[in-house]
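S.K.: Generate coordinates for the sequence data below:
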Amino acid sequence: MKNMIKKMLLKLFKLFSGYFILSYGLVITINANLGLGAWEVFHQGISNVMGITMGQASILVGAIIILFNLIFKEKVGWGTVLNMIFIGIFMDILMINKLVPTFEGILPRILMIIVGLIIVGFGTYLYIDAELGSGPRDGLMIGIAKKTKKPVGLIKNAQEIIAVVVGFLLGGKVGIGTVMMSLLGGYLMQLVFNLVKFDIDEINHRYIEDDIRFIKDKMLNKEVQ
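M.R.: This next block holds a predicted model:
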């Protein structure tokens with residue numbers, strides 16, 4: 001029992017460390033002020049229209065996407081729900097309190113994009129390695145790919161193009177940074193995964209339905225006894 005609790009605490013530490021580091025990386029790319037990443041363009045557009053913070057917009061969009069994940073019968077983990085809530089909260093804390101610096105020169109700002117993407121990669125590695133469920137947007141991508149029988153890469157690109165277009169129409173910032181993140185994001189994330197020798201295929205997520213089933217089994221065993 002002690003080992004189980006210790007293992008779960010380690011997973012939660014990894015999960016929340018990953019969320020914070022990922023959020024920090026995202027805010028670095030935002031503060032570069034060269035244009036936002038695809039989903040951040042969308043979140044900023046939503047925040048402009050609704051008069052809420054980008055973090056709150058991220059939470060709102062994440063909640064809606066989780067509903068779509070359930071419609072597509074894609075499994076949802078506790079990490080999926082916590083991802084939706086805490087990345088938005090951490091982003092707001094960092095941005096409102098101005099805990100991430102800004103720079104004026106074009107070269108430092110380009111460097112911010114690259115460094116931010118690398119940090120996002122480390123954060124992503126940590127939270128996925130906790131094995132408590134992927135983020136809402138990744139789940140939606142997988143769910144649509146399964147339903148349409150189309151390649152995951154095609155679905156991911158389509159999602160991000162839609163997010164950028166809609167976000168831009170709602171007032172989100174698009175610029176050279178948006179292009180850089182679209183072109184470099186996947187490569188830099190894979191670079192980080194290679195550095196830490198992380199194989200995503202070896203991940204075995206535990207989902208909410210697994211815990212519900214576990215609790216039901218325990219209750220049935222008690223009744224039998």
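
S.K.: Now do the phi/psi pair for the residue minimising distance to the centre of the chain.
M.R.: Nearest residue to the geometric centre of the chain (C-alpha atoms, centre = their mean): residue 135, 4.9 Å. The phi/psi pair for residue 135 (degrees, to the nearest 10) reads phi -70, psi 160.

S.K.: Buried residues of the host helix or strand of residue 27, list them for me.
M.R.: Here residue 27 sits within helix 2-31, counting by DSSP states H and E. Buried residues in helix 2-31, defined by neighbour count with 16 or more other C-beta atoms under 10 Å: 11, 14-16, 18-31. Using the backbone N, CA and C atoms, a C-beta is placed for each residue, glycine as well.

S.K.: With stretch 43-51 instead?
M.R.: Buried residues in stretch 43-51 (16+ other C-beta under 10 Å): 43-47.

S.K.: go on, stretch 188-197?
M.R.: Applying 16+ other C-beta under 10 Å to stretch 188-197 flags 188-189, 192-193 as buried.

S.K.: ditto for stretch 138-145
M.R.: Neighbour counts over stretch 138-145 (16+ other C-beta under 10 Å) mark 138-145 as buried.

S.K.: Just the mean pLDDT for it, thanks.
M.R.: Throughout stretch 138-145, pLDDT has a mean value of 79.

S.K.: go on, stretch 211-225?
M.R.: 75.

S.K.: Sort out which residues of that stretch are buried, please.
M.R.: Neighbour-count burial for stretch 211-225 flags no residue at all (criterion: 16+ other C-beta under 10 Å).

S.K.: Mind exporting the C-alpha coordinates of it to PDB?
M.R.: Output in PDB follows, covering the C-alpha atoms of stretch 211-225 (Å, rounded to 0.1, in the frame of the first residue of the first chain):
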ATOM      1  CA  ASP A 211     -10.200   3.700 -11.600                       C
ATOM      2  CA  ILE A 212     -14.000   3.400 -11.600                       C
ATOM      3  CA  ARG A 213     -13.700  -0.300 -12.600                       C
ATOM      4  CA  PHE A 214     -11.200  -0.800  -9.800                       C
ATOM      5  CA  ILE A 215     -13.400   0.800  -7.200                       C
ATOM      6  CA  LYS A 216     -16.400  -1.300  -8.400                       C
ATOM      7  CA  ASP A 217     -14.400  -4.500  -8.200                       C
ATOM      8  CA  LYS A 218     -13.300  -3.700  -4.700                       C
ATOM      9  CA  MET A 219     -16.800  -3.000  -3.600                       C
ATOM     10  CA  LEU A 220     -18.100  -6.200  -5.100                       C
ATOM     11  CA  ASN A 221     -15.400  -8.200  -3.400                       C
ATOM     12  CA  LYS A 222     -16.300  -6.700  -0.100                       C
ATOM     13  CA  GLU A 223     -20.000  -7.600  -0.600                       C
ATOM     14  CA  VAL A 224     -19.000 -11.200  -1.500                       C
ATOM     15  CA  GLN A 225     -16.900 -11.500   1.700                       C
END
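
S.K.: just how off-centre is that stretch within its chain?
M.R.: 33 Å (C-alpha atoms, centre = their mean, to the nearest Å).

S.K.: Residues in contact with it: which ones?
M.R.: Here stretch 211-225 makes contact (C-beta atoms under 8 Å, 6 or more residues apart in numbering) with residue 78.

S.K.: Same check on stretch 111-129?
M.R.: 14-15, 17-29, 31-32, 34, 79, 83, 103, 134-135, 177, 180-181, 184-185, 188-189, 191-193, 196, 198, 200, 203.
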